[in-house]
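*Asks:* generate a structure from the sequence data that follows.
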Amino acid sequence: MATPPSGPRIVRFGSFELDRAAGELRKSGLRVRLQEQPFRILDALLAAPGEIVTRDALRQRLWPDETFVDFDNGLNRAINRLRAALGDEADSPRFVETVDRRGYRFIAPVEASTEPTPEDSPAKPRAKGRRGGALFVAGAALAAAGALAAWGVSRARERGAHPAGPIRSLAVLPLADLSADPGQAYYAEGMTDALITNLASLPEVRVISRQSVMRYRGSQTPLPQIARELDVDALLEGSVLRSGDRVRITVQFIHGTTDRHLWAGSYERPVADVLAIHAEIAAAVRAEVQQHVVSGAAPRSWRRSAVDPRAYDLYLQGGFNAARLNPASLERAVETFQQALALDPTFAPAHAGLGQARLLQEFWGDRLRTEEHKRQVREAIDGALRLDPDLALAHDTRGRILLHYDWDFAGAEAAFRRAIELEPSSASAHNGYSLLLQSLVRLEEALVESRTAAALDPGSAWVISEEGRSFFRARRYAEAEERYQRALALEPGFGPALDRLVQLYLAQGRLADARQALDRLDQIPSHRPRATIRLRARLLAAEGDAAGARRLAAETTDAWAVHVALGDHDRAFEEIERSVARKSILPYTWTNPEMDPLRGDPRFARLARAVGLPVEELAALRGPPPVAASPAR
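*Replies:* Numbers count the residues shown, from 1 in each chain. Down below sits the predicted model:
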């Protein structure tokens with residue numbers, strides 16, 4: 001917020017107190033969350049109580065002539081937020097009255113003072129001076145002292161009253177979309193995701209991943225509660241407005257437990273320069289963090305500061321669709337990434353997004369892993385890395401290509417390590433590395449990576465379910481079940497967690513529980529039918545219905561686990577050998593408990609060696625006794 005005009009420091013009305021020097025609104029001594037523009041409106045109304053403050057006067061105060069904005073929509077939103085903070089209503093106002101076609105008037109009695117009441121004073125005194133005003137620069141970097149650059153808009157930073165402890169973790173809350181156009185939701189979400197990605201390169205700070213923060217979109221949950229739920233020290237929140245060929249992002253950095261503003265900034269640039277805004281905000285966050293954590297590393301920014309606005313818009317749409325993780329949305333993601341690249345073939349993040357979306361189609365969509373599909377995934381990721389060798393998402397996806405397609409475990413490990421080095425807070429990269437470590441039977445190391453991913457994305461049913469799978473392969477079944485149930489509590493219809501619960505119950509011989517979970521899974525239309533058929537066949541085999549199990553096994557591929565459950569090891573090895581020949585078996589599958597009955601067979605060692613896996617470590621893996629098939633019916 002800009003430095004307030006001269007006048008009394010404190011203005012009281014009802015149970016509220018506006019501290020103009022500190023930039024705070026308090027109610028009964030407790031700070032009320034209020035964004036910059038509603039605060040300025042309240043300040044203007046309190047400067048002339050009982051008088052009409054015209055809409056034009058508010059426009060001049062909030063948005064100077066040189067600043068673009070959707071004025072009517074922006075002012076209406078700011079007034080609504082102010083009324084919400086005051087508990088006021090437009091129809092029966094206690095504080096802010098609307099004067100039709102003219103403006104607004106503050107109608108409650110006010111009392112001015114030069115100092116706050118003692119019980120309302122902050123625990124530590126704030127610095128009296130506040131910096132404000134526009135700072136115009138030609139580049140995209142911050143000054144070494146951490147002064148925040150802004151183009152065409154004002155920003156201010158509050159000094160003093162910083163939290164005593166270090167800021168070692170933060171979350172970027174979903175940016176509010178001020179466009180009032182539901183069709184633009186992807187833009188605000190994409191801006192949020194871009195900020196998360198940029199800040200995730202800070203090595204000294206844990207940055208919560210997108211899936212966990214998106215559930216707070218439009219939430220009225222108090223910030224300290226959000227900070228507790230996400231287990232973070234600080235929060236970054238704000239809004240985004242795109243109008244014509246310009247974009248404006250307003251953000252504020254808040255200490256989580258105290259709800260105290262650390263700084264606020266407003267950034268306005270041509271849409272083509274939006275990448276520079278991400279870098280500026282990330283650098284400003286780091287400047288704040290550096291007051292508590294000393295590090296020489298800086299957040300990574302894009303290798304370029306400009307992008308074709310139409311291509312960037314399509315890129316955001318691609319990311320928005322890919323995050324939905326269903327066949328139709330992934331198909332749309334591929335299409336929009338391709339459209340973005342047709343407009344700007346040199347935009348590396350769009351290449352990386354395309355490669356990731358194509359790879360996800362094999363797991364969440366309906367694409368088979370054909371040689372042509374693998375070629376397309378490789379081509380996209382190779383293109384991304386040629387254009388930007390330091391793009392973490394590209395290294396993460398390359399690690400998965402090397403793990404799943406090539407069984408190049410040394411290359412995959414190098415790729416995942418590089419992705420984590422570039423973006424330490426990437427839950428995806430830590431998860432991918434965990435899968436590699438599971439394949440190599442480095443199960444304790446895998447658990448460390450899975451736990452790290454879960455700490456970075458605690459609200460993601462997928463990440464929590466992946467953590468459960470690490471425990472499952474480590475034969476720590478109680479912890480695996482707890483994680484799967486936690487994932488289902490986050491997202492009751494989450495198919496992968498139910499799928500893995502069925503596998504867990506089968507490994508433990510809990511057939512009634514397996515059937516119940518499988519019946520629930522059948523009710524989820526988006527779950528992959530091939531996987532459900534294999535699980536149903538394994539359950540029938542465990543229950544003794546050999547004929548039914550064989551009938552279902554014939555309807556799907558990679559049915560070796562069904563034959564293991566039937567006790568037909570020869571047929572199981574035939575299936576595994578075919579899967580090894582076409583490289584369709586996933587390397588970490590070899591650590592699954594359903595493989596346990598085969599581990600002592602020489603054919604197991606031969607096939608594992610052909611894949612390049614550690615034979616002795618795999619042979620030594622043992623879980624509880626396998627579920628024996630009942631006599632055939």
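
*Asks:* show me the shaky parts of the protein.
*Replies:* 1-7, 28-29, 63-71, 113-165, 180-181, 286, 288-306, 366, 526-529, 623-633 (pLDDT under 70).

*Asks:* most centrally placed residue in it?
*Replies:* R210 (0.9 Å; Cα atoms, centre = their mean).

*Asks:* give the contact list for that one.
*Replies:* 192-193, 196, 323, 457 (Cβ atoms under 8 Å, 6 or more residues apart in numbering). Placement of C-beta: from N, CA and C, glycine included.

*Asks:* who wins for neighbours among the residues you listed?
*Replies:* With neighbours taken as other Cβ atoms under 10 Å, the top of the contacts of R210 is D457, carrying 27 neighbours.

*Asks:* against R168, how distant is that residue?
*Replies:* Using Cβ to Cβ, to the nearest Å, D457 is found at 17 Å from R168.

*Asks:* nearest to N592 among the contacts of R210?
*Replies:* Distance from N592 was checked for each of those by Cβ to Cβ. The minimum falls on D457, at 23.9 Å.

*Asks:* from A487, how far off is that closest one?
*Replies:* Distance from D457 to A487, by Cβ to Cβ: 11 Å.

*Asks:* quick check: what element follows the strand or helix carrying Q516 along the chain?
*Replies:* Secondary-structure assignment from DSSP states H and E places Q516 in helix 511-522. Using DSSP H and E, the helix or strand that directly follows helix 511-522 along the chain is helix 529-543.

*Asks:* now do the SS call for S584.
*Replies:* Three-state call for S584 (DSSP: H, G, I helix; E, B strand; the rest coil): coil.

*Asks:* check contacts around it.
*Replies:* If you count contacts by Cβ under 8 Å, 6+ apart, then S584 has 369, 557-558 around it.

*Asks:* are any of the residues you listed buried, and which?
*Replies:* 369, 558 (16 or more other Cβ atoms under 10 Å).

*Asks:* do a quick rundown of the strands in the stretch 301-450 of the chain.
*Replies:* Using DSSP state E, counting those that start in this stretch, no strands are assigned anywhere in the stretch 301-450 of the chain.

*Asks:* residue boundaries of the helices in it?
*Replies:* 309-322, 327-343, 348-364, 371-387, 392-401, 409-422, 427-439, 443-456 (DSSP state H, counting those that start in this stretch).

*Asks:* now these as JSON lines including distance to G600?
*Replies:* Converted to JSON lines, the helices of the stretch 301-450 of the chain look like this (distance: least, Cβ to Cβ, whole Å):
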{"stretch": "helix 309-322", "distance to G600": "43"}
{"stretch": "helix 327-343", "distance to G600": "40"}
{"stretch": "helix 348-364", "distance to G600": "31"}
{"stretch": "helix 371-387", "distance to G600": "34"}
{"stretch": "helix 392-401", "distance to G600": "31"}
{"stretch": "helix 409-422", "distance to G600": "24"}
{"stretch": "helix 427-439", "distance to G600": "20"}
{"stretch": "helix 443-456", "distance to G600": "20"}
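
*Asks:* distance check, the nearest residue to L539 once chain neighbours are set aside against L621.
*Replies:* Counting by Cβ to Cβ, 6 or more residues apart in numbering, A514 is the residue found nearest to L539 once chain neighbours are left out, at 5.5 Å. According to Cβ to Cβ, A514 and L621 sit 22 Å apart.

*Asks:* quick one: which of the two has more around it?
*Replies:* A514 (25 against 18).

*Asks:* ok, the closest residue to S434 other than its chain neighbours - contacts?
*Replies:* Among residues not flanking S434 along the chain, E449 sits closest, at 3.8 Å (Cβ to Cβ, 6+ apart). Contacts for E449 (Cβ under 8 Å, 6+ apart) come out as 430-431, 433-434, 437, 470.

*Asks:* tell me, how many residues neighbour A352?
*Replies:* Count around A352 with other Cβ under 10 Å applied: 26.

*Asks:* got it, and the one 4 residues further on?
*Replies:* Residues lying near Q356 (other Cβ under 10 Å) number 26.

*Asks:* okay but it is in contact with N321, surely?
*Replies:* No: if you go by Cβ atoms under 8 Å, Q356 and N321 don't touch, sitting 11.9 Å apart.

*Asks:* D601 is in contact with F573, correct?
*Replies:* Yes: in this structure, F573 is within contact of D601 by Cβ under 8 Å, at 7.3 Å.

*Asks:* neighbour count for those two, which is higher?
*Replies:* Using other Cβ under 10 Å, the more surrounded residue of F573 and D601 is F573, with 19 against 15.

*Asks:* contacts only, for W407.
*Replies:* W407 touches 583, 587, 611-612, counting by Cβ under 8 Å, 6+ apart.

*Asks:* make that V334, sorry
*Replies:* 318, 354, 357-358, 361.

*Asks:* show me which pair in the residues you listed is furthest apart.
*Replies:* Farthest-apart pair in the contacts of V334 is G318 and Q361; separation 13.0 Å (Cβ to Cβ).

*Asks:* compare these two and say which is more crowded by neighbours.
*Replies:* G318 (29 against 22).

*Asks:* mind checking how far that one is from G365?
*Replies:* 14 Å.

*Asks:* coming back round to it: pick the one among the contacts of V334 closest to A227.
*Replies:* G318 (31.0 Å).

*Asks:* touching, the closest one and A352? I think so.
*Replies:* No: between G318 and A352 there is no contact under Cβ under 8 Å: 10.5 Å.

*Asks:* for A22, give me phi and psi.
*Replies:* Per-residue torsions, A22: phi -80, psi -10 (degrees, to the nearest 10).

*Asks:* for P93, that is, sorry about that
*Replies:* phi -70, psi 140.

*Asks:* need the contact list for the nearest residue to it once chain neighbours are set aside.
*Replies:* Excluding its sequence neighbours, the residue lying closest to P93 (Cβ to Cβ, 6+ apart) is I107, at 6.5 Å. I107 makes contact with 49-50, 93-97, according to Cβ under 8 Å, 6+ apart.

*Asks:* residues near R582, how many?
*Replies:* Around R582 there are 11 residues (other Cβ under 10 Å).

*Asks:* same check on G183?
*Replies:* 7.

*Asks:* wasn't it part of a helix?
*Replies:* Yes: under three-state DSSP, G183 sits within a helix.

*Asks:* picking that back up, adding secondary structure and neighbour count, write the contacts of I107 out as JSON lines.
*Replies:* Formatted as JSON lines, these follow (DSSP: H, G, I helix; E, B strand; the rest coil; neighbours: other Cβ atoms under 10 Å):
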{"residue": "P49", "secondary structure": "coil", "neighbour count": "15"}
{"residue": "G50", "secondary structure": "coil", "neighbour count": "12"}
{"residue": "P93", "secondary structure": "coil", "neighbour count": "17"}
{"residue": "R94", "secondary structure": "coil", "neighbour count": "14"}
{"residue": "F95", "secondary structure": "coil", "neighbour count": "21"}
{"residue": "V96", "secondary structure": "strand", "neighbour count": "21"}
{"residue": "E97", "secondary structure": "strand", "neighbour count": "17"}
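
*Asks:* just to revisit the earlier point, need the phi and psi values for the residue nearest to P93.
*Replies:* With angles defined as degrees, to the nearest 10, I107 sits at phi -110, psi -10.

*Asks:* just checking, L598 touches H569?
*Replies:* Yes: L598 is within contact range of H569, at 6.3 Å (criterion: Cβ under 8 Å).

*Asks:* more crowded one of the two?
*Replies:* L598 (22 against 16).

*Asks:* how close does that one sit to F604?
*Replies:* From L598 to F604 the distance is 5 Å (Cβ to Cβ).

*Asks:* give me the common contacts of these two.
*Replies:* The contact lists of L598 and F604 share F573, where a contact means Cβ under 8 Å, 6+ apart.

*Asks:* what about the closest residue to V247 other than its chain neighbours, neighbour count?
*Replies:* Excluding its sequence neighbours, the residue lying closest to V247 (Cβ to Cβ, 6+ apart) is V271, at 5.0 Å. Applying other Cβ under 10 Å, we find 20 residues neighbouring V271.

*Asks:* since that was my last question, I'll sign off now.
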